[in-house]
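# Can you look at this prediction? I've put the sequence above it.
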Amino acid sequence: MPERLDPKVDVVFKQIFGAEKNKAILISFLNAVLDWSGDRQIVAVDILNPYIEQEYVDDSYGILDIKVQLGSGELVDVEMQIGDRADMERRSTFYICRMFGDQKIIKGKYKDLKRAIAINILDFVRIKNSQRYHTRFRLLELEESIELTDAIEIHFIELPKLKEEMMNHGCSLDRWAMFLKGWDDMLLIERLSEEDPAIAQAKRALEEMAADPRAKEIYEHRLKAIMDKNSDLYEAELKGELKGKLEGKLEGKLEAARNALKKGFSLEDVAEITGLPLETVLKLKAELSN
């Protein structure tokens, strides 16, 4: 088999779910997330941006989302994120509200505006006060939970919350989440492919990408850009955390230095952040090594 690619990397995700030839995959996924069936089931979609924005491949802040218009006219924006970003909730709200607001108002009839739905698939935990991996938000009155409007709807799918032993193989969303989460588990993917024809098609698309040298090159560039940015953000967060803990007292500085050394900061960085002499930092490192 060719080397496997991680479908959680957005260039791969978009190629699998956002390509014109793979509309059946996208429709299956959307029906699973929205839990629509019967007369409500999605049968046709128009992918509004079925291309890879080349300028974003090396830009870890670029958004490789999938913009979709359903047969009903409703708008959906699907985004895959493997790195935690600050203010994810506000950013998602901003983009889906802009998508809703960019519609043309015909003869001043606001009732003609179609609903806009955001679907955020996250490879990290963001909604920490909920145990469920799939959460859905709308505009509600706070005291009585009365819905103001269904015009804006935001979904979060937090993959780390779904454990394989907890999944229900009869649930289509569980199957899709585990396909994304367990992409390197061949036995699991084979089972999911046997259970769901759309996942079998997604598996073939993933294998085709892995066998394509150009697709693999784009994947590796994008993955490096994302990992580099995530690493920079993590280091900046750690440095900010350390600076916030420093209270000017020697013991506080020593404790901060020990934590920084345990997390792999260089001697020079620890000395600069804590204000301790390099000789003191060297002694702390020696103590930790014993």
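That came in fine, so what should we check first?

# Tell me the secondary structure at Gly73.
coil (DSSP: H, G, I helix; E, B strand; the rest coil).

# same for whichever strand or helix holds Ala256, what does it pack against?
Ala256 is part of helix 250-262 when elements are defined by DSSP states H and E. If you count contacts as 3 or more Cβ pairs under 8 Å, 6 or more residues apart in numbering; DSSP states H and E, helix 250-262 packs onto helix 213-245, helix 267-274, helix 278-289. (C-beta placed from N, C-alpha, C; glycine too.)

# can you give me the angle it makes with helix 278-289?
Using axes from the mean of the first three to the mean of the last three Cα atoms, to 10 degrees, the direction of helix 250-262 lies 60 degrees away from that of helix 278-289.

# What angle do helix 267-274 and helix 250-262 make with each other?
Going by the same axes, to 10 degrees, helix 250-262 makes 150 degrees with helix 267-274.

# residues of helix 250-262 that come out buried?
Buried residues in helix 250-262, counted by 16 or more other Cβ atoms under 10 Å: Lys253, Leu254, Glu255, Ala256, Ala257, Arg258, Ala260, Leu261.

# again, but for stretch 115-127
With burial defined by 16+ other Cβ under 10 Å, the residues of stretch 115-127 counted as buried are Arg115, Ala116, Ile117, Ala118, Ile119, Asn120, Ile121, Leu122, Asp123, Arg126, Ile127.

# Can you pick out the ones from the residues you listed that are in strands?
Among these, the residues falling in strands (DSSP state E) are Ala116, Ile117, Ala118, Ile119, Asn120, Ile121, Leu122.

# which stretches of this protein have low pLDDT?
1-2, 52-63, 85-86, 229-250 (pLDDT under 70).

# for it, longest strand please?
Secondary structure assigned by DSSP E gives strand 147-158 as the longest strand of the chain.

# Kindly format the C-alpha coordinates of that strand as CSV.
C-alpha atoms of strand 147-158 as CSV (Å, rounded to 0.1, in the frame of the first residue of the first chain):
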residue,chain,number,x,y,z
GLU,A,147,-34.9,30.1,20.2
LEU,A,148,-34.7,33.5,18.6
THR,A,149,-34.0,32.2,15.1
ASP,A,150,-32.4,29.2,13.3
ALA,A,151,-30.7,31.5,10.8
ILE,A,152,-27.3,30.8,12.3
GLU,A,153,-26.2,27.4,13.5
ILE,A,154,-22.7,26.3,14.6
HIS,A,155,-21.5,22.8,15.1
PHE,A,156,-18.3,21.6,16.8
ILE,A,157,-17.0,18.0,16.3
GLU,A,158,-14.2,17.5,18.8
